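# prediction below, plus the sequence it came from.
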Amino acid sequence: MNVEGRAAIVTGGGTGVGRATALELARRGCSVLINYSRSRDEAEQTVAELMPLGVKAVAVQANMAEEAACKEMVDRAIKEFGRLDVLVNNAGTTRFIPHDQLDEVRDEDWDRILAVNLKGPFNCARAASKAMLAGEGGAIVNVASVAGIIATGSSIPYCASKAALINMTIALARVLAPKIRVNAVAPGFIDGRWLREGLGANYEIALKTFEDRLPMGRVSQPEDVASVIIGLITGSDMVTGQTVVCDSGMLIADFAARPKLRSST
């Protein structure tokens with residue numbers, strides 16, 4: 001897909017991978033709605049960076065856990081841009097809980113993580129697909145995680161939510177074809193605020209451990225993951241229902257004694 005003159009929604013678009021993706025879409029001539037939940041200042045700053053690139057951009061607050069909010073966000077995109085061609089489901093949440101501490105997992109953890117990481121992408125895709133099907137079609141990219149493949153990460157509920165998101169990507173690709181392609185990207189360790197805040201004082205130790213063992217010798221930057229997302233949108237129209245891993249070789253590394261991602265709290 002050539003995204004010049006088209007329009008996109010990027011959830012969680014004010015920071016990290018979402019921000020990097022929004023900037024690259026704008027550089028290619030695509031207008032972007034930047035969704036945020038709490039990071040208003042960052043979302044508005046991202047919009048300010050997009051505007052000089054000659055595209056339309058707007059920041060919209062919406063809680064991905066709420067179906068009505070997802071629909072209203074899509075309606076806002078149509079109002080602002082007159083069309084919708086791309087959806088990047090990047091918003092996510094977690095709670096850092098060591099996997100062996102089962103009693104620390106609360107019902108509210110399951111409810112919140114599944115609502116944002118799984119129900120949110122579904123509700124956004126459902127609403128966006130109606131606009132895309134009424135037009136020229138489109139592309140949806142879900143940001144999953146290697147946690148959904150190898151069940152290692154911030155918490156068991158988080159891993160389960162990302163595994164389900166990968167499964168849902170395939171289901172949506174089937175039902176929305178041929179006008180809409182649906183794919184996913186599964187990042188590994190990403191240098192950024194998410195892990196820095198989650199791991200706290202343990203971040204630098206975890207970073208060094210991963211970089212020592214990863215085949216590529218470094219963890220991903222947000223731009224590394226964004227380039228995969230852009231490739232899934234602008235690349236071959238024959239790719240759908242796929243999950244592309246972007247993990248610096250984490251899945252093939254010798255992690256016989258895998259580092260445990262523990263928060264500082």
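Nice, thanks for sending it over.

# mind giving me the packing neighbours of the lowest-mean-pLDDT helix or strand in the chain?
Lowest on mean pLDDT, DSSP states H and E among the helices and strands of the chain sits helix 193-199, with a mean of 73. Contact here means 3 or more C-beta pairs under 8 Å, 6 or more residues apart in numbering; DSSP states H and E; on that basis helix 193-199 packs against helix 203-213. Placement of C-beta: from N, CA and C, glycine included.

# ok, residues contacting the following helix or strand past the helix it packs on?
Next along the chain after helix 203-213, taking DSSP states H and E as the criterion, comes helix 222-234. With contacts defined as C-beta atoms under 8 Å, 6 or more residues apart in numbering, helix 222-234 is touched by 1-3, 16-17, 19-21, 23-25, 28, 86, 88, 139, 141, 143, 181, 183, 185, 187, 190-192, 239, 242, 244, 246.

# what's the average pLDDT for the lengthiest helix in the chain?
Using DSSP state H, we find that the single longest helix of the chain is helix 156-176. Mean pLDDT, helix 156-176: 98.

# measure how far it is from the centre of its chain, please.
From the chain centre to the centre of helix 156-176 is a distance of 12 Å (C-alpha atoms, centre = their mean, to the nearest Å).

# now stretch 144-151
Worked out by C-alpha atoms, centre = their mean, stretch 144-151 lies 13 Å from the chain centre.

# pull it out as CSV, backbone CA atoms only.
Presented in CSV, the C-alpha positions along stretch 144-151 are these (Å, rounded to 0.1, in the frame of the first residue of the first chain):
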residue,chain,number,x,y,z
ALA,A,144,2.1,-8.3,20.0
SER,A,145,5.2,-9.5,21.7
VAL,A,146,7.6,-12.5,21.9
ALA,A,147,6.0,-12.9,25.3
GLY,A,148,3.0,-14.3,23.4
ILE,A,149,5.3,-16.9,21.7
ILE,A,150,7.6,-18.1,24.5
ALA,A,151,5.7,-17.0,27.6
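
# what about that stretch, average pLDDT?
Rounded mean pLDDT across stretch 144-151 is 96.

# got a list of contacts for that stretch?
For stretch 144-151, contacts defined as C-beta under 8 Å, 6+ apart pick out 152-154, 158-166, 169, 184-188, 243, 245, 247, 250-251.

# going by neighbour count, which of those residues are buried?
Buried members of those, scored by 16 or more other C-beta atoms under 10 Å, are 152-154, 158-166, 169, 184-188, 243, 245, 247, 250.

# ok so, going back, out of the contacts of helix 222-234, which sit inside helices?
Gly16, Val17, Arg19, Ala20, Thr21, Leu23, Glu24, Leu25.

# these two touch, right, Ala177 and Thr240?
Yes: using C-beta atoms under 8 Å, Ala177 makes contact with Thr240 at a distance of 6.2 Å.

# neighbour count winner among the two?
A direct count of neighbours by other C-beta atoms under 10 Å for Ala177 and Thr240 places Thr240 higher, at 21 against 13.

# do you know how far that one is from Glu4?
22 Å (C-beta to C-beta, to the nearest Å).

# same thing with Thr46?
From Thr46 to Glu4 the distance is 20 Å (C-beta to C-beta).

# among the two, which residue is more densely surrounded?
Thr46 (26 against 10).

# am I right that the more buried one is in contact with Val60?
No: contact status for Thr46 versus Val60: not in contact, 11.9 Å apart, counting by C-beta under 8 Å.

# give me the common contacts of these two.
Counting by C-beta under 8 Å, 6+ apart, the residues touching both Thr46 and Val60 are Ile34.

# in the stretch 101-250 of the chain, where is pLDDT below threshold?
For the stretch 101-250 of the chain, the stretches flagged by pLDDT under 70 are 194.

# can you report how many residues lie near the residue lying closest to Ala173 once chain neighbours are set aside?
In space, and not counting its chain neighbours, Ala173 is closest to Gly241: 3.4 Å by C-beta to C-beta, 6 or more residues apart in numbering. Using other C-beta under 10 Å, Gly241 has 16 neighbouring residues.
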